[in-house]
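Participant: 3D model of this:
(one chain, ligands or ions: 1)
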Amino acid sequence: MNIKRREFLGGALAAGAGLLLASKNLAQTSRSGAARIEILLDEKIGTVNPNLYGHFVEHLGGVVYDGIWVGEKSKVRNYNGIRADLVDALKRIKAPNARYPGGCFADSYNWRDGIGNRATRPTRTNFWNNDPAMKQSANSPGRYEPNTFGTNEFIKFCHQIGAKPYMAANLRGLGANDFYEWVEYCNSPAGSTTGAKMRASGEMGSKQPFGVEYWGVGNESWGCGGDFLPEEYAVEFRRFTSSVPGYGVPLKFIASGANGDDYNWTRGFFSKSAEKGGWVFDRMYGWAIHHYTWNASGGRTNDWVEGKSDAVKFDNEQHYNLLQEANRMDGLLREHWRIMGEFDRQHKTKFIVDEWGSWHRSGTEVGDNYLLSQQLTIRDALVSGISLDTFIRHADKVVMANAAQVINCLHSLFLAYEDKFVLTPNYHVFEMHLPHMGAQAIRTEFFAEPIAYSRNNQPSTVVGLAGSASLNGKTLTLTVSNPHISEAHEAIINLRGANVLSGTARVLSGDIHAHNTFENPNAVVPRDERFDVKTPLKFRFAPASVTRLQMTLA
Ligand code: AHR
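Facilitator: Here you go, the predicted model:
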């Protein structure tokens, strides 16, 4: 259907008023009437940067050891010591980048410990050694880092999966010169420097430079990365990134941004940076926002543990609470962006959401030693759907995002233990999003009655349907999440300026607690469904589902 702008806006206002009334009627548990999704084909937002589908690797619990690195002599199928099933799966979803080595670990890491011959690499105390949830035995790699996996092994992993490396430098514990020398080690031409010679010698040596473009300068510098004030960190960031030799590689520096809605951090950093002049933002590719969704207990408690829900045994309220938290990403991006624009008027610096995803209570990890690891259900798949769609709707602002973390951790796409390996529902959402990568994000407007529920005995709502659209040639991709636990939601899909010739649908849905296990790896997998292209164009979105519709335009 082709509607004019004025008609569209009129309809939108009416629908908006309807939504307001509906959201006031909080006792209502079911939603009446079809929703409406407007796809404004002539309003392009920007290219969906493939880097939105990035990953994160930290020396934490079972992520590196057992998750990624099993060793060349392992009975687990491996490529040069790296878990083969993981490499194969990451290639299938075209993993664009991976962030390494942390996280909080990064600001306690000396990159020199992880190079050269493995037999002589030092063992160091891991940042997470004293975490209250740590269950690992005395000499486990999670407590005492053996440095078997270091820069060369990580770069090998990146090459195997076809991803670009994104390194996080230690700003808290090391000096700026150590950072320059890591860049030299990674990027200086073969034989040119001591760094280049070190790179070529030792395990997985490489004469060829690694060409690392993305460099994080500290991590969570407001907390584990040094407890800085934003103004102090602004000075450190400038000092670290001043005159760094790139060896022909266009270095992209990423500053440690705010946690969730800490707007003071953004304001303090940007205002202090601007004092030096607007050129500072030319040097700053990304502002790294972190947003975990964990407050599933609805604010009943601020307790770090009690505020979270169990990864698998959660109630309906905790389901909706978590999705409400995930949907906050949209507002966070808007408000941080507004503040950044007060100082960086041309918005040279974009967002890198380099830690996002669910964070549940411990107790469902597949290995006893896996600190901060959890099962992932359909509820988490919805967190993925809602978050990735948010990034696409802000494709003009967000240039990279990294789910935390790739395997055996929080919002993981994979779980592994010894030779067992399984894809989580999150993996399937990433796979369904493949056609968005590199496409043109198109503005959409969703008019769907919100889901009313009770949050901590107070009336509350969750978005009725949420999604995003992109266009690649004649192929339009629309991804939509329906958070409702039990009700399908039909939506009329209006396309301004085009007719649809044919369509396909792929749906991931199920009981909100459903998850994949080593014994039952296919409990949650997407299915292809019929999508009849008729007038009006509509689709019935299944309860608790992430759906991808693909349409071929005339
Ligand atoms: O992803 C786990 C931890 O969460 C990271 O190390 C840290 O950056 C964040 O607080």
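Participant: Now whatever residue of the stretch 101-250 of the chain ends up closest to the ligand. Nearest residue, chain neighbours left out?
Facilitator: Nearest to the ligand, among the residues of the stretch 101-250 of the chain, is residue 103, at 2.7 Å (C-beta to the nearest ligand atom). In this view, the C-beta of every residue, glycine as well, is placed from N, C-alpha and C. Once flanking residues are discounted, residue 103 sits nearest to residue 58: 3.7 Å by C-beta to C-beta, 6 or more residues apart in numbering.
Participant: A strand includes the one you found, no?
Facilitator: No - under DSSP: H, G, I helix; E, B strand; the rest coil, residue 58 falls outside any strand and is assigned coil.
Participant: from memory it sits against residue 107, does it?
Facilitator: No - using C-beta atoms under 8 Å, residue 58 is not in contact with residue 107; the gap is 11.4 Å.
Participant: Show me what from this protein comes close to the ligand.
Facilitator: Within the chain, the positions near the ligand by C-beta under 6 Å from any ligand atom are 58, 102-104, 219-220, 355, 372, 404-405, 410.
Participant: Phi first, then psi, for the residue lying closest to residue 197 once chain neighbours are set aside.
Facilitator: Once flanking residues are discounted, residue 197 sits nearest to residue 191: 6.8 Å by C-beta to C-beta, 6+ apart. Backbone torsions for residue 191, taken as degrees, to the nearest 10, come to phi 70, psi 0.
Participant: isn't residue 191 right up against residue 198?
Facilitator: No - contact criterion C-beta under 8 Å: residue 191 and residue 198 do not qualify, at 11.5 Å.
Participant: Between those two, which is the more surrounded one?
Facilitator: residue 198 (18 against 9; other C-beta atoms under 10 Å).
Participant: For the strand or helix carrying that one, buried residues please.
Facilitator: Per DSSP states H and E, residue 198 falls inside helix 194-200. Within helix 194-200, the residues scored as buried using 16 or more other C-beta atoms under 10 Å are 195-196, 198-199.
Participant: Run through the neighbouring helices and strands of that helix.
Facilitator: Using 3 or more C-beta pairs under 8 Å, 6 or more residues apart in numbering; DSSP states H and E, the elements in contact with helix 194-200 are helix 176-187.
Participant: neighbouring contacts of the helix it packs on?
Facilitator: By C-beta atoms under 8 Å, 6 or more residues apart in numbering, the surrounding residues in contact with helix 176-187 are 110-111, 115, 151, 155, 167, 169-171, 193, 195-196, 198-199, 209-212, 215, 217, 239-240, 242, 244-249, 251.
Participant: Apart from its neighbours in sequence, what residue is nearest residue 505?
Facilitator: residue 531 is the one closest to residue 505 (C-beta to C-beta, 6+ apart), at 3.9 Å.
Participant: Contact partners for that neighbour?
Facilitator: Going by C-beta under 8 Å, 6+ apart, the list of residues near residue 531 reads 503-505, 539, 549.
Participant: re the thing from before, read off the pLDDT value for the residue nearest to residue 197.
Facilitator: Looking at residue 191, its pLDDT reads 96.
Participant: Can you give me the separation between it and residue 201?
Facilitator: 12 Å (C-beta to C-beta, to the nearest Å).
Participant: show me where the stretch 251-400 of the chain has helices.
Facilitator: Listed in chain order, the helices of the stretch 251-400 of the chain (DSSP state H, counting those that start in this stretch) span 263-276, 316-327, 329-343, 378-393.
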